[in-house]
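Visitor: the following comprises the amino acid sequence and a computationally predicted model.
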Amino acid sequence: MPTVNNVRNSRGKLYLDSIDHQNQSVTKRLGNATYIDDITKTLETKVINLVLKFWYGGAWETVTIPRGHLQAKNLLQYADYGLNINHTNARYVVEDIQRQEQEYTPRLVHEGIGFDTMTDSDTGKVTHIFKCHESLPMDVGSKYIGAYEIKPKGDKLKGFREFLQENIYGTPLELAVVVGLVGALIGFITKEVQCPNIVTSIYGKSSSGKSSFAMLAVSMGSNPDEHAPNPLFRDFYGTDNSIMAALVGNFGYPICLDEANRYQGKDLSAFMYNMEAGTQKQRLTREAKMQKRGTYHTSIITTAEMSIINRNSQNAGEAVRSLEFGNIAWTKDAAHSERVKEYALNNYGRPVIHLANTVLTLGKKEVIRRFKENRQTYLAKGKVNDEFTHRMSIKYALLLTTLQLANESMKLNLSYDYVMGILVDSEYETSGKRDIKAKAYDYLVQTFNINIDKFSVALNRNLILSARGQTWGIQDPQRNVFTDIIGKYRTIVYFSEEMFERILREGNFEDTSVVLKQLNESGYLHCQKDSKRYHERKISATGSQVKVYGIKLYDSPNMDSDEALAQQIHELDMLKKKYCEKDAKPKGFTPRDE
């Protein structure tokens, strides 16, 4: 058998040099050569990839393979791409590639975008970096190889400042600039401030400038063209998993999900919850092992024609998961809107890099100090003070800190007071949507008023006028005006347990126990002296006792309670007299159990 001396490539061919039995030099051609065109090391995974270059079909082709495939049995699969490899020459192709590999130093690349950390393997020192089309600090030397169009295009800072001066300052679109940049701040200090993402929901009619807002915000970091091959300006058309996949690995670049009304999943409420949390759902591999969950921390913009909070289930979490701005005229007119969109499509990607460079220079300690300062400022100027105020103030403080840092880093003139005013007004407007007890109470009272004929009437301690048909509960008019911390009431409406739960369920109130707890704590619920939230009583003339929940019907502030009470007592007396005259047993009445 001949002894192999060398595998080499020359002029695009791969050769095997050996010595035969007669000690003669023999050269055998093995096929077209395969060259290493590049070697990369992925920053996030540390995986080494080889870019192989080869001649096929009259042209040079390339294929990227993980270094783990640099084995004869694994490399054979790349014959499908035109690689000149077979069972005979595979081992020699691998040997030649490994020889070339010694001449290369892997080039650092990244697939994710936004903030990340690097740890020095020798010293253990952790360095914060920002992954853009290149990387910050520049000496990291990593290049972006992902699909998003984040390489800056168009105007530099001077042109950007001129555009803002002519088209943005003094309009609500100042907020769009801040929303587009705040993702960088979230990606940098998310753990310290406990805010995984800021979801900003913009809703209103089609001519309000929603798209202009969203495109301007996204252009702070990337191409806002929804028709680009893989944009960060997307829509809700897709599965929950596919939408979430577009978010993973993003720690600072704004992304838009346009037209929430196109959402096709089963539960928009659950989807919004998962999206705001910044973590993919837990999954299993084929081997039944837990997969590593993808994460993201950034600014997410959604648009819709109607309020997402109103569309989703009636719980307080809906109103605090997103910042909602509705029915605002973001642009002055159609011409203004077109100017904003055109500029965004042709000038994007630089502002977020400038802001990221600034926060890296300042460091976490200083950025967090400013965040805390702005949080206190917002709390002092806000119009709302409820159980969610402090939680929401984190998001507002991040926006205000972003505005300040953007002004400093790029010499902008975004108005702190103007944007503060938009935030304060929005918080005041949406705060009512997170008051579940008030929403539930109003819904129950409204349902009672619409279906009053389905409720029996307690005329006195011993007489019940039954409702016609299905009985939902019983109304109990009082002969006195009662006053509590909420106001004055003269009537208590008792709902059967079955109807109470059904009504709340139909009103999209997810958890009856939570509603009951809040109604009780706030005083809307009429409870027994032993603190039980329910009563047991008859709700019809012929029925037995059932479990009921009592709701107080409060007088309106302008109502004369004494006059209303006198009228109510008169009506009760007239009903009782009508059915009890001549000592006859009233039809439809029964003694009332107390």
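Guide: Ah, there it is.

Visitor: kindly report the domain assignment for this structure.
Guide: Taking automatic domain parsing as the domain assignment, the record places the domains of the chain at 3-109, 157-361, 436-583.

Visitor: any idea which of those is most buried?
Guide: Greatest average neighbour count among the domains of the chain goes to domain 157-361 (a mean of 20), per mean count of other Cβ atoms under 10 Å. Any C-beta I mention is one placed from the backbone N, CA and C, and that applies to glycine too.

Visitor: for the protein, what helix or strand is lowest in average pLDDT?
Guide: Across the helices and strands of the chain, mean pLDDT, DSSP states H and E gives its lowest value to helix 561-580, namely a mean of 56.

Visitor: outside of the biggest strand by length in the chain, which residues touch it?
Guide: The strand of greatest length in the chain, counted in residues with DSSP state E as the criterion, is given as strand 473-483. Outside of strand 473-483, the residues that reach it under the criterion Cβ atoms under 8 Å, 6 or more residues apart in numbering are 448, 452, 454-458, 464, 488-496, 499-500, 537-540, 548, 550, 552, 555, 561-562, 565, 568-569, 572.

Visitor: pull the distance from that strand to the chain's centre.
Guide: With Cα atoms, centre = their mean, to the nearest Å as the basis, strand 473-483 stands 45 Å off its chain's centre.

Visitor: how about stretch 298-308?
Guide: Counting by Cα atoms, centre = their mean, stretch 298-308 comes out at 9 Å from the chain centroid.

Visitor: what's the end-to-end length of it?
Guide: End-to-end distance for stretch 298-308: 20 Å, by Cα to Cα, to the nearest Å.

Visitor: surely residue 129 is in contact with residue 113?
Guide: No - in this structure, residue 129 is not within contact of residue 113 by Cβ atoms under 8 Å, at 11.5 Å.

Visitor: the two: which is more packed in?
Guide: When neighbours are counted by other Cβ atoms under 10 Å, residue 129 and residue 113 differ, and residue 113 comes out ahead with 28 against 19.

Visitor: hmm, the more buried one is touching residue 247, no?
Guide: No - with the criterion set as Cβ under 8 Å, residue 113 and residue 247 do not qualify as a contacting pair; they are 10.9 Å apart.

Visitor: show me the shaky parts of the stretch 351-500 of the chain.
Guide: Low-confidence segments of the stretch 351-500 of the chain, defined by pLDDT under 70, are located at 431-435, 461-462, 479-480, 485.

Visitor: one more pass at 90, please.
Guide: In the predicted model, the stretch 351-500 of the chain carries pLDDT under 90 at residues 382-392, 426-471, 475-492.

Visitor: over to the stretch 151-300 of the chain?
Guide: Residues of the stretch 151-300 of the chain meeting the criterion pLDDT under 90: 194-196, 204-208, 236-242, 259-294.

Visitor: any idea where the strands of it begin and end?
Guide: 198-203, 233-235, 250-251, 255-258, 299-304 (DSSP state E, counting those that start in this stretch).

Visitor: which one of those lies closest to residue 85?
Guide: Residue 85 sits nearest to strand 250-251 of all these, at 37.7 Å, using Cβ to Cβ.

Visitor: so what secondary structure elements neighbour the closest one?
Guide: Strand 250-251 sits against strand 113-119, helix 173-193, with contacts defined as 3 or more Cβ pairs under 8 Å, 6 or more residues apart in numbering; DSSP states H and E.
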